[in-house]
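Novice: Sharing a model that was predicted from the sequence below.
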Amino acid sequence: MFDHQYPHVLPISADRAYYVRVLRSPGGFHDGTTLRDFIAYYADGNGMSCTFSDDGLSWDNEKEVTGIAANGYHVVCALETPNRMRILYWDPDVPNQPYAMAGLRTAICNPQADASVFTEDAVCTGNLVTEGTEAVWNRGHYGPSFLWYNQKPTSIPGKPFTWRYAMFFIASTGGNDSLGLGYSDDGMDWQLYGDTPILSGLIDAQDWEGVNGYVSSCHVERLADGRWWMLYSGGAAGNAGIGYAWSWDRIYWTKASFNPVFQAGDGPFLERCYTPSLAIDADGTLLLYRSARDDTNYRTFVSRLRAPSLGWQDLLGSDHLGQGLTARRSVRRGQGSEAERDVAIPNPALGDEWFNTDLSGGGKWEKHTGTAWERT
């Protein structure tokens, strides 16, 4: 359930704003004059720009990002400490793109000094792609999709998320894109996990994805019960809409049956709908940034997710975060005490069964219709 903000928020004066990545850290990003709470990095048509905000809705001080490859974009970020941020991005100017590992690059900045100025720009190495002529799923790549930073790595073989960095990258056959998983201890030399994509439009394909569905840029967050959820660019060419998937371990993912969450269509700036990026606002709600396009221009729009964890007022409507446990329309979820639950649902007992789904013992409940009422 989203509240949409119109018109678009980005760019300010640049030609374009797409493949956006938004970060929020109170007082975390210096714009050259003062410290700001939000920063957005995005492709401007000739490389990468950034801009700053105090509320995530009104942006200013748009400027070019310096210290990286001239036309680099598809950026992901890891704020390692308040004064050190690593980015990974894609360089489209490397020969034999996209079939070149060298198209993945990394750089560092001190966001407390100037979040637009990067240093230590370098080519990444590793075995994420084959660089061969056979059209396997990871023949090439279009750069990173999402990045995690682990402050206390143990680097256990076979467990990619125990390493200092783990990354979803946009793998490509040359005619279809999917998500692969890589890991690294230094952010520069990357190793491939497994030998198949972790999410693909060709596996468990859905109608909206079409006959050759792509999966590309994504954003991942964690629910309070431990599950991970992902918003991802999907469908034909990876820009037909935004899908939702969930996972317990970030390796095996299930697509939601109600996909897509957003979909491209007719009208201004509905030619494309993709590249989701989320930021957690001060009140705990999520701001979703997504790219769109009309005939000639790319813009970034923002929407606020009203209920990242559903409250009792949401219980009487359809479940909008169906997790695949039962048919979507038969499940209701919420948080609170038993008393709060019963006040919200005047007659909760007839033919329904509630499940406490909080593994830590708190008050989260699910109601499965059509079964006898039981107190769990």
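Specialist: Structure received.
Novice: just so I have it, where are all the strands in the stretch 51-200 of the chain?
Specialist: 59-64, 73-81, 84-90, 104-109, 119-123, 125-126, 140-149, 165-172, 177-184, 189-192 (DSSP state E, counting those that start in this stretch).
Novice: Tell me where the model's unsure across the protein.
Specialist: Along the chain, the parts satisfying pLDDT under 70 run over 1-2, 266-268, 306-376.
Novice: Quickly list what the residue most central in space within it is bridged to.
Specialist: In the chain, the residue lying closest to the centroid (Cα atoms, centre = their mean) is H219, at 0.7 Å. On the basis of DSSP bridges, H219 is bridged to L231.
Novice: doesn't P276 make contact with it?
Specialist: Yes: contact criterion Cβ atoms under 8 Å: H219 and P276 qualify, at 4.9 Å. In this view, the C-beta of every residue, glycine as well, is placed from N, C-alpha and C.
Novice: shared neighbours of these two, which are they?
Specialist: The contact sets of H219 and P276 overlap at 231-232 (Cβ atoms under 8 Å, 6 or more residues apart in numbering).
Novice: would you list the strands of the stretch 51-200 of the chain in CSV and tack on mean neighbour count and distance to Q97?
Specialist: CSV is the format used below for those (neighbours: other Cβ atoms under 10 Å; distance: least, Cβ to Cβ, whole Å):
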stretch, mean neighbour count, distance to Q97
strand 59-64, 17, 22
strand 73-81, 21, 12
strand 84-90, 23, 9
strand 104-109, 23, 11
strand 119-123, 13, 13
strand 125-126, 14, 16
strand 140-149, 23, 7
strand 165-172, 26, 10
strand 177-184, 25, 13
strand 189-192, 18, 17
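Novice: and R16, which of those is closest to it?
Specialist: Distance to R16, taken as Cβ to Cβ, is lowest for strand 73-81 among the strands of the stretch 51-200 of the chain, at 9.9 Å.
Novice: The closest one pairs with which strands?
Specialist: Using DSSP bridges, the strands paired with strand 73-81 are strand 84-90 (antiparallel).
Novice: Out of the strands of the stretch 51-200 of the chain, the one nearest T296 is which?
Specialist: Closest among the strands of the stretch 51-200 of the chain, using Cβ to Cβ: strand 73-81, at 18.4 Å.
Novice: roughly how far out does that closest one sit from the chain middle?
Specialist: In this view, strand 73-81 has its centroid 12 Å away from the chain centroid, taken as Cα atoms, centre = their mean, to the nearest Å.
Novice: do the same with stretch 262-280
Specialist: 13 Å.
Novice: Show me what counts as buried in it.
Specialist: The neighbour-count check on stretch 262-280 (16 or more other Cβ atoms under 10 Å) flags 262, 264, 269, 271-279 as buried.
Novice: Just the ones in strands from those residues, please.
Specialist: Cross-referencing these against strands under DSSP state E gives 262, 272-279.
Novice: Spatially, which two of these are the most separated?
Specialist: Across those, the longest distance by Cβ to Cβ is 21.2 Å; it joins R272 and A279.
Novice: Next, the angle from the host helix or strand of E221 to strand 177-184.
Specialist: Counting by DSSP states H and E, the element that carries E221 is strand 214-222. Computed with axes from the mean of the first three to the mean of the last three Cα atoms, to 10 degrees, the direction of strand 214-222 lies at 50 degrees from that of strand 177-184.
Novice: Report all helices and strands that strand 214-222 contacts.
Specialist: strand 140-149, strand 165-172, strand 177-184, strand 228-235, strand 272-280 (3 or more Cβ pairs under 8 Å, 6 or more residues apart in numbering; DSSP states H and E).
Novice: The first one pairs with which strands, parallel or anti?
Specialist: According to DSSP bridges, the neighbouring strands of strand 140-149, each with its direction, are strand 165-172 (antiparallel).
Novice: Can I get the partner strand in PDB, CA atoms only?
Specialist: Written as PDB, here are the backbone C-alpha positions of strand 165-172 (Å, rounded to 0.1, in the frame of the first residue of the first chain):
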ATOM      1  CA  TYR A 165      30.800  -8.200   1.000                       C
ATOM      2  CA  ALA A 166      27.900 -10.100  -0.800                       C
ATOM      3  CA  MET A 167      26.400  -8.800  -4.000                       C
ATOM      4  CA  PHE A 168      23.500  -9.600  -6.400                       C
ATOM      5  CA  PHE A 169      24.800  -8.800  -9.900                       C
ATOM      6  CA  ILE A 170      23.000  -8.500 -13.200                       C
ATOM      7  CA  ALA A 171      24.100 -11.600 -15.100                       C
ATOM      8  CA  SER A 172      23.400 -11.800 -18.800                       C
END
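Novice: and the nearest residue to S53 once chain neighbours are set aside, what are its bridge partners?
Specialist: Closest residue to S53 apart from its sequence neighbours, by Cβ to Cβ, 6 or more residues apart in numbering: F38 at 4.0 Å. On the basis of DSSP bridges, F38 is bridged to R24, S53.
Novice: ok, now S303?
Specialist: Beta-bridge partners for S303, by DSSP bridges, are H4, L288.
Novice: Among the helices and strands packed on strand 214-222, single out whichever gets nearest to A115.
Specialist: With Cβ to Cβ as the criterion, A115 lies closest to strand 272-280 of these, at 14.5 Å.
Novice: In its sheet, which strands sit next to that closest one, and in what direction?
Specialist: Under the criterion DSSP bridges, strand 272-280 sits next to strand 286-293 (antiparallel) in its sheet.
Novice: relative orientation of the partner strand and strand 228-235 in degrees?
Specialist: Using the same axes, to 10 degrees: strand 286-293 against strand 228-235 is 10 degrees.
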